[in-house]
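Asker: sequence-free structure coming up:
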């Protein structure tokens with residue numbers, strides 16, 4: 001399995017209502033995951049479930065709307081996902 005395939009598999013494995021960070025889906029190379037997601041236009045890849053290490057969103061309103069529709073909690077008064085609740089750690093690496 002190539003690195004691209006491993007990252008995509010890790011993203012596809014994130015269940016609805018949860019998130020992982022770029023570093024979670026691409027250990028040691030979080031920027032690689034971001035670059036990969038920018039180049040892939042497959043509607044089957046839940047790109048919106050990948051957030052920055054601090055819970056902030058890379059894509060903004062569109063990403064937030066999708067996460068909120070899935071019930072992902074945000075920290076009150078912020079634009080950040082509450083990673084203590086919503087983050088899946090060590091899931092399908």
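Answerer: The structure has been received and is ready for your questions. Source: prediction; values computed, not measured.
Asker: Report the contact partners of the spatially most central residue of the chain.
Answerer: Central residue check for the chain by C-alpha atoms, centre = their mean: the C-alpha nearest the mean position is that of residue 50, 0.9 Å away. Residues counted as contacts of residue 50 (C-beta atoms under 8 Å, 6 or more residues apart in numbering) are 11, 14, 19-22, 25, 33, 37, 58. Heads up, the C-betas are built off the backbone N, CA and C, glycines and all.
Asker: from those, which two are the most distant?
Answerer: Largest separation among those by C-beta to C-beta: 14 and 58, giving 14.9 Å.
Asker: related to what we said a few turns ago, neighbour-wise, which of the contacts of residue 50 leads?
Answerer: residue 25 (28 neighbours; other C-beta atoms under 10 Å).
Asker: For that one, give me the pLDDT.
Answerer: pLDDT recorded at residue 25 is 96.
Asker: for the one 10 residues further on, same thing?
Answerer: The per-residue pLDDT reported for residue 35 equals 94.
Asker: All set, thanks.
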